[in-house]
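K.L.:
let me see the structure of the following:
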Amino acid sequence: MTLGEKIKNARRGKKMTQQELCRDHLTRNMLSAIECGKASPSLSTLEYIASRLSIPTSYLVSDDDDLFFYEKKQAMKSITAAYKEKRYRDVIKLAEALSSLDNELAFILAQSHFALARKSVLSGALITAKEHITAAEEYCKQTVYETATIEHLILMYRALAQNIQSPLLEFDIKAFESGIDPDYEYEFYRYILSDSSFQYRNPTFSKHIRAKELIKNRKYHEALRLLEEIIDEKNPETYNCYAMFGVYTDMEYCSKQLANFEAAYKYASKRLSMIEGFKA
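P.N.:
Now for the predicted structure:
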């Protein structure tokens, strides 16, 4: 494809007339001659045309005919590096800036939006989580690559985003269990179900479930000690707002049962503070 053909195709793709492209920078006759290959633009004119068409100047003088292929080739090194380093916002910014999408990019975007949705849910930024979940679902539809795992996990994280306090009210458990994979978030799922028979590797989940069993047996002092250990051991890198909300809720309950209303008020305040944070 010649330089002139690239300019003409890009202009038509933007539904722009020659006069609209020219403005006061060059004449329509000059642009027509460039598009027909009868004239060569100066560097400043070439840069102007590229700017008006929102395409790289380097694409116009490259050997690549397809703009998207050229853009992707230029961007993929940065996209894959950002993805490998889990800089998902950078991945999304780079990929969504391209003029089009293909199956590979749609898959990468689905994965990246879901990763941010999961992170947002666990940090308590529920409005942001819902936005990423919607985007992840949309990109899943735009790729032929396998996205069953993402779509399956979205069932759980959407329920958490919609009702972090009582996700089981929003959770289609039957649909989730029909495609369950023990390798993906299964431990978290058993924790949400408060399954005391499950062997938890996550220390927060394990201690909280044990504390719940102690509460059932009215051993409130012992339960509080376990719950306090969870608070003391809280790790910012593995923070789970659903778990911490449950911990503060149970600490408030235990304190009330022990008639320690000052402590109950403290834990209730922390719980309510978290609810305010969920609006982010």
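
K.L.:
secondary structure element for the closest residue to Glu222 other than its chain neighbours?
P.N.:
Nearest-residue entry for Glu222: Leu214, 4.9 Å, with adjacent residues in sequence omitted and distances by CB to CB, 6 or more residues apart in numbering. (Glycine included, C-beta is placed from N, CA and C.) Using DSSP states H and E, Leu214 falls within helix 203-216.

K.L.:
returning to that earlier point: so the residue nearest to Glu222 is in contact with His208, correct?
P.N.:
No. Leu214 is beyond contact range of His208, at 10.6 Å (criterion: CB atoms under 8 Å).

K.L.:
if I look at Ala10, how far off is Met1?
P.N.:
As judged by CB to CB, to the nearest Å, Ala10 and Met1 stand 11 Å apart.

K.L.:
and those two? Which one has more around it.
P.N.:
Neighbour count, other CB atoms under 10 Å: between Ala10 and Met1, Ala10 has more, with 21 against 12.

K.L.:
dihedrals phi and psi, the more buried one?
P.N.:
The phi/psi pair for Ala10 (degrees, to the nearest 10) reads phi -70, psi -40.

K.L.:
just list what the helix or strand bottoming out on mean pLDDT in the chain packs against, helices and strands only.
P.N.:
Here the helix or strand of the chain ranked lowest by mean pLDDT, DSSP states H and E is helix 57-60, holding a mean of 76. Applying 3 or more CB pairs under 8 Å, 6 or more residues apart in numbering; DSSP states H and E, we find helix 57-60 packed against helix 3-13, helix 43-53, helix 67-84.

K.L.:
name the residues of that helix that come out as buried.
P.N.:
Of the residues in helix 57-60, those scored as buried under the neighbour-count criterion (16 or more other CB atoms under 10 Å) are Tyr59, Leu60.

K.L.:
numbering from 21 from now on, please.
P.N.:
Noted, 21 is the first residue going forward, which turns the last one into helix 77-80.

K.L.:
check contacts around Lys104.
P.N.:
Lys104 makes contact with no residue under the criterion CB atoms under 8 Å, 6 or more residues apart in numbering.

K.L.:
so what's it scoring on pLDDT?
P.N.:
According to the model's per-residue confidence, Lys104 sits at a pLDDT of 96.

K.L.:
distance check, it against Gln131.
P.N.:
When CB to CB is applied, the distance between Lys104 and Gln131 equals 12 Å.

K.L.:
go on, Asp122?
P.N.:
Computed as CB to CB, the Asp122 to Gln131 distance reads 15 Å.

K.L.:
ok, Tyr268 next?
P.N.:
Distance check for Tyr268 against Gln131: by CB to CB, it reads 32 Å.

K.L.:
one more: Glu205?
P.N.:
Relative to Gln131, and taking CB to CB, Glu205 is found at 15 Å.

K.L.:
and what of Asn123?
P.N.:
The span separating Asn123 from Gln131 equals 13 Å under the rule CB to CB.

K.L.:
so the two - more neighbours on which side?
P.N.:
Using other CB under 10 Å as the criterion, Asn123 and Gln131 rank with Gln131 on top: 21 against 11.
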